[in-house]
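> need a structure here:
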Amino acid sequence: MRVVSSAFENGETIPAKYTCEGENISPPLQFYDLPSTTMSLVVMVDGIDSSSGTMTHWIVWNIPFVEAIAENSVPGVEGMNGFNEVSYCGPCPSSGTHSYYFMVYALDTRLDLRTGTSRNEVENAMRSHIIDKGELMGKFGKSRA
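So this is what the prediction gives:
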């Protein structure tokens, strides 16, 4: 399974529009080679270079079998991110350039979880149902004032 975005290439800079320096909206994502048995998708967005370890910027599940997610859309049920918010929080590193991973999981089921569920609960619920996964990595560093 491949994950791409029309907004940025894998390993390249995430446009400011999708960060705290812009509109802070989720970027468009496209999926290729999804397994035919996919019942739903999960998207998790993590900032890896955070001083506090991995920071979850977005988690959404029960996304229907689709080939694309439009920017600034909520295609499924959202969970609690690392900022204690139930929403997308774009990249906003305190210093330096950080890496952000848009991980997409194809599941053989839908998850029976409520809005605001924690990442750990989502991971536990989906663990035995992952049939494929893909990721897209982008980088972002805040502009100097």
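> now K17: closest residue in space, sequence neighbours ignored.
E23 (5.2 Å; Cβ to Cβ, 6 or more residues apart in numbering). Every residue, glycine included, has its C-beta placed from N, CA and C.
> isn't the one you found right up against N72?
Yes - applying Cβ atoms under 8 Å, one finds E23 in contact with N72, separated by 7.5 Å.
> so what's the residue count around L29?
Number of residues near L29 (other Cβ atoms under 10 Å) recorded here: 26.
> that one - nearest residue in space that isn't next to it in sequence?
Closest to L29 by Cβ to Cβ, 6+ apart is I69, at 4.7 Å.
> got the contact list for that neighbour?
Counting by Cβ atoms under 8 Å, 6 or more residues apart in numbering, I69 touches S26, P28, L29, Q30, V43, I63, P75.
> cool, and H57?
V45, D46, G47, N81, G82, F83, Y88, C89, G90, P91, Y100.
> what kind of secondary structure is it in?
Classification of H57 by DSSP: H, G, I helix; E, B strand; the rest coil places it in strand.
> please name the nearest non-neighbouring residue to it.
Using Cβ to Cβ, 6+ apart, the nearest residue to H57 is V45, at 4.3 Å.
> part of a strand, is that neighbour?
Yes - remark: V45 belongs to a strand, assigned using three-state DSSP.
> what's the burial count for it?
V45, neighbours per other Cβ under 10 Å, totals 25.
> from what I see, it and Y101 are in contact.
Yes - using Cβ under 8 Å, V45 is in contact with Y101, at 7.0 Å.
> quick one, phi/psi of the residue nearest to L29?
phi -120, psi 130 (degrees, to the nearest 10).
> what about it, distance to T117?
19 Å (Cβ to Cβ, to the nearest Å).
> before we move on, what about S6?
30 Å.
> more neighbours, the two?
When S6 and T117 are compared for neighbours, T117 comes out ahead with 18 against 11, by other Cβ under 10 Å.
> contact partners for that one?
V77, G79, M80.
> which residues of this protein fall in helices?
For the chain, the helices defined by DSSP state H occupy 119-126.
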